[in-house]
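Chemist: What would the 3D arrangement of this be:
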Amino acid sequence: MRIYYAQGAEEQVKLLKDELQCMQRFVRDASEKQDRKEKIGEWLSGVADVTHNADDIIDALFLKVEAVEQVELLRSKLRDVGITRERYGIQDLGYEGIMHSWRPRQLSPRQKDKQLVGIEDDVEILLGKVILDNSKGLSTTSIVGPVGIGKSTLARRMYDHAAAAGGFDRCVWVVVSGEYTPKDVVKELTLQLLDPTEDKVREEKSLEELPLLSIQEKLRRSLQDARFFVVIDDVGQDAQWESIASIFAIDEDKGSRLLLTSRNEDIAKHVIGYVHKMKTLDLNKSWELFTKKAFIDNNNNNIDGKLSEDLEITGREILKKCDCLPLAIVLVGGVLWEKNPSKRKWEKVLNDVNNTHLGSSTILSTILELSYRDLSPQLKSCFLCIGFFNEHVPIIRAEKLVQVWIAQGLVVPLEGRDQEETKEEIGMCYLDELINRNMVDIKDLSKDGRIKSCCIHHLIRELSATKAKKEISFEIIRKDGKSQPLDKPRHLAIYRGGDQRFVYSSNCQHEHINAHSLFFHGIGNSVNNNNPSYLKTFELLKILDFEDLPLKNLPEAIGLLTWLKYLGLRNTSIKSLPHSIGKLKNLEVLDIAKVYKVVVGDVIREMESLRHIHAGYFYSVDRLKTDTLKNLQTLGYIYAGNLIPEQVKKMRALRKLSLFITRDLGFKGIELFPSLAMLENLVCLELKWGPPDSIRHSELKMLDSLHRVTRLKLKGIVSEFPSASEFPPNLSHLTVLLRSTSAYNTDPTWELEKLPKLVYLKLDCDQYPGLTYMRISENGFPMLEVLVLRKMSKVGSVRLGKGAMPMIKRLYLYRCGEHLLTNLPEKLRSVTTILSL
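Modeler: Numbers count the residues shown, from 1 in each chain. Now for the predicted structure:
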């Protein structure tokens, strides 16, 4: 979309941008010196204020707001900042200092390795007490110890074991923060323990209106007939524990497990059960952990596998300052982590942790501060966004995090990389770097090694939120009224029941014109004012996120937010999108995933900036014109009948397409697939048939024409399985979720084993009553590395022909019969991971 500046402003804006770019060259030097001179910190705040105001005014000019005089005023302020810079001796680090202050590094394989250091004995003890204990009654265990010692890490290992072992009706993890009231704790636990089929949004509404005693009784009744595994992480107050203690006093328990973590040892005194007190690491384990985090490869980047004497002496001095706390060790290791260890940098880090000039009261807070200051300007900006996300949900989707960075304009091309890399690929490089620095942890990887989600230690999340408030005017609004709102916040996170009057007021004029992002977390928050003048106060908003809220509809006035780039409606109660959404010309991400049957008018074609439409299933009463969506990379699930083949082939950037197919559609692959074959970037295709419709052979014709597709997912009822020659010829990843008819029980691997380039296969083939064994022919699956079998409860054995699966590395079993495990060939048994039996 072409945008015109207000008359006379173009030259002023160009001058302002040049001056701001020049000033940024001094910022990194000032950041390193601010701990020595208080005035330098004030100078940095001045630069930040001018920069933020400049962003707002430039955006306002785009919207034809008269602001030419304000641009000149800002340039005057910038000149004043330049004068004080010279007075404080801040140096020009040059263009290199701001744009190329870090080089992208591949994600370290160690970050994907779940091996623990120093708490192996703790794991064995707790496995016996928590998981392997076969007692029938309720078992309660507490993990206590100082902050940063690894309590949550140990609890997470127990949680993962419980989920893998099966036998529990529900496994839930609840994070308890200091702001949680006893009612919040019980309510959150109740929601987490809901059956997946229950309406969580409606239940949350009803709980909001009940008193604490009623919620406790409701939760108590729901637990009586279930075997559960519950982790309550970071319990800090006696009242929080007391609110749930009586709930778990169940007379006839089925062997449920309750695991608490707390830094408050007094709480453990009130818990009936085993108390596990964590100890700091010994010097040898501390050194082992340090070297794993500070070096890239297993040989410590040295031919003989040993450190130079100078580095080892410095390293051990740094380690002494970490007080043997795992969190401190991994963070300082992340600061030092580089291909060619530098003695100068190690000595600088030692000097920093030796001094108190970082303004921190403990060694852990000092190292947290050091970790932040060592980030490049780009990575600092990305790190600050972490505070926007829900602090009570420990997991963040990697895809969403990167898309938020992009919407904020934080992702820029990297030097020395392929210039055709997408912003999303570059953003993942940023995330890899934060993971390498141990500021972000990997939570879930896909079976083929891609990062799906990550988790953040609560202290690191607090650091992000605190720094964001100071540096980018981020504000958190809570229901307890303790918030002290900034004068003009640029980024807002509103928690359950927070005072929305601060944000939504029919009387407000333009006091929030500089708000760029707005995140809602929890029940009671919604846009319920359709007054155009009211929403117009947020006309510079770039991110609006309602994920997990009971939002039923968007107001027509949403079209006034023309600067919006990210609209999050995932897992809401939205049934349709207003026609005015077509006015969001700058929108890049529309997330309506986990929402079924959302109606969209034929306005999508007007949203030319769209890059991603994530949807559980959306459709239109008309066929959709998509020829203008030149930037769209992700589409679907979308009703296949809404697509016009001649228009689809013009979406040149499309990388992933997900189609929902129904019998009444009369879908024929021969009509659509040739158009898809012309899309040179389309690598992922998902096809789902709506129940009770079954996959017909005619619907898959011409699938083999998709030479560029390497990832394929099929879900539906199969009446005739396609032959290997009918699949895309370059297929490397295949997911098959099939239900058979009573007349069809053919082993699908008889055809799939012939796919020459397949490296990943997931089979979810429930209700195949006649499929009692799998047979892999001689030399079958020549390139397969990962095999996932899910819900194949009738399959009792796998038989391998000579030379079959020569490349296999991992076999995952989920909800398969126990007899299958005992009847696996040795070749498969040695690489098997049991997710659940």
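Chemist: what about the helices in the stretch 301-450 of the chain?
Modeler: Using DSSP state H, counting those that start in this stretch, the helices of the stretch 301-450 of the chain run over 309-320, 326-336, 343-354, 363-373, 377-384, 398-407, 423-436.
Chemist: Revised request: answer the last question for the stretch 601-750 of the chain.
Modeler: Applying DSSP H, counting those that start in this stretch to the stretch 601-750 of the chain gives helices spanning 645-648, 669-676, 749-752.
Chemist: Does anything pack onto the second one? Which helices or strands?
Modeler: Think helix 669-676. Secondary-structure packing of helix 669-676 (3 or more C-beta pairs under 8 Å, 6 or more residues apart in numbering; DSSP states H and E): helix 645-648. All C-beta atoms are positioned from the backbone trio N, CA, C, and that covers glycine.
Chemist: circling back to that earlier point, and among the helices of the stretch 301-450 of the chain, the most buried is which?
Modeler: Most buried of the helices of the stretch 301-450 of the chain by mean neighbour count (mean count of other C-beta atoms under 10 Å) is helix 326-336; its value is a mean of 25.
Chemist: hmm, who's touching it?
Modeler: Where contact means C-beta atoms under 8 Å, 6 or more residues apart in numbering, the residues beyond helix 326-336 that reach it are 117-119, 147-150, 153, 281, 286, 289-290, 292-294, 315, 318-319, 322, 345-346, 349, 353, 363-364, 367-368, 370-371, 374, 436-439, 457, 459.
Chemist: circling back: would you turn the helices of the stretch 301-450 of the chain into a markdown table with mean pLDDT?
Modeler: Shown next, in a markdown table, are these (pLDDT from 0 to 100):
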| stretch | mean pLDDT |
| --- | --- |
| helix 309-320 | 91 |
| helix 326-336 | 93 |
| helix 343-354 | 89 |
| helix 363-373 | 91 |
| helix 377-384 | 93 |
| helix 398-407 | 98 |
| helix 423-436 | 93 |
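Chemist: just to revisit the earlier point, out of the helices of the stretch 601-750 of the chain, which gets nearest to A226?
Modeler: With C-beta to C-beta as the criterion, A226 lies closest to helix 749-752 of the helices of the stretch 601-750 of the chain, at 36.7 Å.
Chemist: Report the distance from whatever helix or strand comes next after that closest one to the chain centre.
Modeler: Next helix or strand after helix 749-752 toward the C-terminus (DSSP states H and E): strand 760-764. Mean-position distance between strand 760-764 and its chain equals 24 Å (C-alpha atoms, centre = their mean, to the nearest Å).
Chemist: Give me the helices and strands touching whichever helix or strand comes after strand 760-764, please.
Modeler: Once the chain leaves strand 760-764, the next helix or strand it forms, by DSSP H and E, is strand 773-776. On a contact count with 3+ C-beta pairs under 8 Å, 6+ apart, strand 773-776 meets helix 749-752, strand 797-800.
Chemist: Just checking: what are the partner strands of strand 773-776?
Modeler: Using DSSP bridges, the strands paired with strand 773-776 are strand 797-800 (parallel).
Chemist: orientation of whichever helix or strand comes after the partner strand relative to strand 760-764 in degrees?
Modeler: Sequence order places strand 810-814 as the next helix or strand after strand 797-800, per DSSP H and E. Angle between the axes of strand 810-814 and strand 760-764 is 20 degrees (criterion: axes from the mean of the first three to the mean of the last three C-alpha atoms, to 10 degrees).
Chemist: and I451, what pLDDT?
Modeler: For I451, the model assigns a pLDDT of 92.
Chemist: Going forward, count from 795.
Modeler: All right, first residue 795 from here; so that's I1245.
Chemist: For L1121, see how far away it is.
Modeler: 21 Å (C-beta to C-beta, to the nearest Å).
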